[in-house]
Each structure stands twice: as C-alpha cells, then as structure tokens.
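Colleague: this one's sequence-less:
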C-alpha cells in the first residue's frame, strides 16, 4: 500500500530501540490503509519477538515461518482482533463493537503467552466501541499487561475519549500527494487512460482506498456527464433528469457517492479556469453543493433529489446561465 512510510519508520524505530509504546492510535481518513498497516505491524511483532532480533528490513519481513503460517491462517493465539460483527444471521454489521467483545478480549489478556514474546490487539475501528466498551478499554490501557500491544484504528480520533487518546502514541495517516497518487495508480493499473487516472486521483482526495474503489466506478464517464451540465447549462433538463435516475435509490448509492466525490474537483477546476472576478458564482455553488450533500447524508434528500440538485448547481455555472443572471 501507499502512504505507510512514516508510520512504518516510527514503528520499526520503536521496536529496534526497545521503546515500544503499549498503545498506538492509527488516525486518519477512512481508506488510508490504517487497518492494513495494523495487520502488517501485528504480523511483524508476533513473528519477530523481542527488539532487534534479526534486524528486519521492513514490516513485510517474514520472520518465524511457523508463526507466520499461523497468522496467515488466522489462528495465531497471540493475535486478537475486534471489529463489528454480523447481526443475527444477516450480512449487516452491528452498529458497535460490544462490551461483551471487549470483556472477552480482556479475559484473554490475563492468560500467559503461549507462543512468542508479544500479544497484539487490533481494534478496527476503536470509534465503533460502545460507551461501556470504551471505558473498559481505558482501564486496560491505564494498566496494560506486559508484552501486550494495542493497535487502535480511528477514522475520527476527535470523537474518542480524551483519556484514551492521551494513553496512546498517535500516528497520523495524511492524504497522499496527488502526483504520488497518479504515479501509484499508473503502476497499479497500467491499462487505464492517463486522463482517467488523473480524474480518479483528483476525486480520491489523497485517499488510496477511495482511489481503488473509484477505479471500478467509471469515474471518467461520470465526470464527462457532470462537465456537460456545467458547460451547456442543460436547458431542457435532460442531462439532470438522467443524472437523477442514475443515482436514485439505495442500489445506486455508490454512484451518488461517486458524484459527491467528483464535484469538488470539478468546481475547483472551473474556478481555476475563470478570471478572478468570475470566481464568486463558483463559490456560491460550492456552498450549495455542500448543503445538498449534508442533506443527502442526513436522509433529508433521496438520491434522485440530491443528484438533480447537484446538477442544478452545475447548470448555474454554464456561460449562458451566468450571462442570463447578469
């Protein structure tokens, strides 16, 4: 994955120096690869043991083959993962990580190590803990068992208990530079058109996971549709009605999210291409788009309404629309 360099360096330096903090808070936007990093770090620790053994070159060093085989099979006794579980017999996940899950984890921490020198707990995401679960975790972080490491994935660290944050070493996963993202996407998907890669990188906002999801979402096609509305003004509403149909209903939620991802970059490009005195209307429509997105997220708008309203915002920016407004 991309964007783990500084986190990996910090983790390896702590391990090599024998200064491994007992809890690491991996903070940043969803899709940055925080969970991937957590599993890489956990695998490294339970397959390498105490600091400095072997001087491994990276977190992907295989380490002890027997321990690595157990990790790959999901059977390593010293690797514990907490995440939301499926509800009943459905595929839908529970809203939270429950207090019962936390209690089961704590009971395992009281057992002696049966294999290797470290026990690792991954909580993905710690934001999902019930209130009671968060309080129970806090007590454990205040008096952590020896040779136990906590890797806490957080998409919204500001919402966590301040006392949990204060007991963690915080590693922030920052959005990836656009040029770096473009080069990475070229390497990952060399068959993609250059313009499509650039459109994906712009819509992803520096988040690698989002970029990978967008690859299969016809980003370039959708961007052309939105651009056509902004350039023509869509006088007969035909393009806006087609957009509304395309993003309507729960089955098309991903396409609505794609539109929401693309529009900010499109508005920024329009603003860059205009004289300074003509940027004001673009900023007005930016605010209008943001309000529409908030209403859609809160459930006030269905997909069709949100799609049509976003189309209205873009249509207002057409040259003919601006002239008419004057």
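Modeller: Great, that's in hand. Since the structure is predicted, the reported quantities are computational estimates derived from the model, not experimental observations.

Colleague: any regions of this protein where pLDDT drops low?
Modeller: Applying pLDDT under 70 to the chain flags the ranges 1, 50-57, 90-91, 216-217, 299-301, 320-326.

Colleague: so what's the gap between stretch 235-251 and the chain middle?
Modeller: Computed by Cα atoms, centre = their mean, to the nearest Å, the chain-centroid distance of stretch 235-251 equals 28 Å.

Colleague: what of stretch 293-313?
Modeller: With Cα atoms, centre = their mean as the basis, stretch 293-313 stands 23 Å off its chain's centre.

Colleague: quick one: end-to-end length of it, please.
Modeller: Criterion Cα to Cα, to the nearest Å; first-to-last residue distance in stretch 293-313 is 12 Å.

Colleague: for it, buried residues please.
Modeller: Neighbour-count burial for stretch 293-313 flags 293, 296, 301, 303-313 (criterion: 16 or more other Cβ atoms under 10 Å). Every C-beta, even on glycine, is put in place using the N, C-alpha and C of the backbone.

Colleague: show residues contacting it.
Modeller: 226, 229, 234, 239-241, 243-250, 252-253, 256, 259-260, 263, 285, 288-289, 292 (Cβ atoms under 8 Å, 6 or more residues apart in numbering).

Colleague: 10 Å instead?
Modeller: With contact meaning Cβ atoms under 10 Å, 6 or more residues apart in numbering, stretch 293-313 is reached by 225-226, 229-230, 234, 237, 239-253, 255-257, 259-260, 262-264, 267, 282, 284-292.

Colleague: one more: stretch 213-226?
Modeller: 31, 185, 188-189, 192-193, 195-204, 207, 210-211, 239, 242-243, 246-247, 254-255, 257-259, 261-263, 265-267, 269, 310-311, 314.

Colleague: for this structure, which helix is longest?
Modeller: helix 253-273 (DSSP state H).

Colleague: and that helix, how far out from the chain middle?
Modeller: Averaging C-alpha positions (Cα atoms, centre = their mean) puts helix 253-273 18 Å from its chain's average.

Colleague: and the angle from the following helix or strand past it to helix 253-273?
Modeller: Downstream of helix 253-273, the next assigned helix or strand under DSSP states H and E is helix 280-298. Inter-element angle recorded for helix 280-298 and helix 253-273: 160 degrees (by axes from the mean of the first three to the mean of the last three Cα atoms, to 10 degrees).

Colleague: just give me how far the helix or strand where residue 314 lies sits from the chain centre.
Modeller: Take DSSP H and E as the rule and residue 314 turns out to sit in helix 303-315. Helix 303-315 has its C-alpha centroid displaced from the chain centroid by 26 Å (Cα atoms, centre = their mean).

Colleague: ok, now stretch 64-73?
Modeller: Distance, centroid of stretch 64-73 to centroid of chain: 28 Å (Cα atoms, centre = their mean).

Colleague: show residues contacting that stretch.
Modeller: By Cβ under 10 Å, 6+ apart, stretch 64-73 touches 39, 42-44, 46-49, 53-54, 61-63, 75-79, 115-116, 120.
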